[in-house]
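Novice: model the structure of this input:
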Amino acid sequence: MEATRSTTTTRTGEREQPARGGADGGEAGGATGAAGGAQPGRGDTRGGAAGASPREEKLRGYRHQIIHAAEREFGKAGFAATPMNAIAATAGLSLATVYKSFSGKAEIWDALHRTRMDALLEVVNETDTGEPGLERLLTGLRRVFLFLAEQTAYLDMNLRAGGGWASSTEGAHGIQRTVWSSGLEVIAAGMQAAADRGELAGLDPRIAAGMAISALQVWLSEWVASGRVDDPEVLVDDMTRRLRLMLTTADAGATT
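Specialist: Okay, here's the model as predicted:
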C-alpha cells in the first residue's frame, strides 16, 4: 500500500502539492541547466549511478513511464489543458505515484524536453561534418526535421504551443522557452559562419536563421496537416534544396 500525505483537491481533480525543485509555480525552473547541457535530477530518466537501490530503480522506471505518457497527453491537448490525472491514467499509475516521482506538471514538462533534446543533440552530433558553413548547417536541420518526424507526439507538442518557432516564445512553457531561443542562437551562429565563408548572398545571418527555422516549422506543420502521408526523407530533401536556393541566390538575399 502506497503511503499517503495530506493534499488539497482542485476543481479539475488534481492534487496540489508544495513546490519541490521545478514545481508548477515556477515553470522556468531547470532552464539554466538545460542551456549548458542536460543536468541529472529528479526528472532525468537516464541510467543512474551504479549500485542504485531497488527503490531508486523503481522510481526511475516510474519517471520513464510518466514522461512517455505525458508526451502523448501533451501532444493531444497541450500543456495547459492536460491534467495530471490524465497523465497518471495513460502511464497506468496512481496519481499519488506520479506526485512521488515529480513535483508537478511543469517538472514533467521540463524533464521531457531535456530527454528529447539530449537525444536530438546526439543524433545531430553523429552527422556533424565538422566543417563550419552552410552545408553543415543544412545537414543539421535535416537531422532535426527527421528526428521530429519520428517523434510524433513530441512534434505535436511543439506545434501545438503556437507562435513562430523563429520569433516567438508565446505559448512555450518552462525549459521550452530556452530550447527555442537557444536554437535560434545556434543556427544564427551557423549562418554567421556561412556568411564569413561567403556562402550567403548578402543576407543578415539572423534573418537567414529565422528563415531556416520557419521553413522547418512550416514543412512539418503541413506534413502533419496532410495526415503524415508523405515520405519525410523526400520532404526534407525538398526543404533543404529550397533553403539552399533562397540563402545563396543574390536576388533573394539582397539587402539595403
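Novice: which residues touch L93?
Specialist: Contacts for L93 were tallied using CB atoms under 8 Å, 6 or more residues apart in numbering; they are Y62, Q65, I66. Quick note: C-beta positions are derived from backbone N, CA and C, even for glycine.
Novice: and if you look at E71?
Specialist: Taking CB under 8 Å, 6+ apart, one finds L112, A153, Y154, M157 in contact with E71.
Novice: who's in contact with the last one?
Specialist: Going back to what we said before, that points to M157. Here M157 is in contact with E71, F74, G75, G78, F79 (CB under 8 Å, 6+ apart).
Novice: now swap in the second one and tell me
Specialist: Under the criterion of CB under 8 Å, 6+ apart, the contact partners of A153 comprise E71, R72, F74, G75.
Novice: that one belongs to a helix?
Specialist: Yes. Under DSSP: H, G, I helix; E, B strand; the rest coil, A153 falls within a helix.
Novice: now do the strands in this structure.
Specialist: In the chain, the strands defined using DSSP state E lie at 8-9, 15-16.
Novice: for this structure, which residues score under the pLDDT cut-off?
Specialist: By pLDDT under 70, the low-scoring segments of the chain are 1-50, 127, 129-130, 167-172, 250-256.
Novice: can you rerun that using 50?
Specialist: By pLDDT under 50, the low-scoring segments of the chain are 1-47, 252-256.
Novice: middle-most residue in it, spatially?
Specialist: H113 (4.7 Å; CA atoms, centre = their mean).
Novice: list the residues that contact that one.
Specialist: With contact taken as CB under 8 Å, 6+ apart, H113 is in contact with A34, G174, I175, Q176, V179.
Novice: any idea how far the third one lies from G202?
Specialist: I175 sits 36 Å away from G202, going by CB to CB, to the nearest Å.
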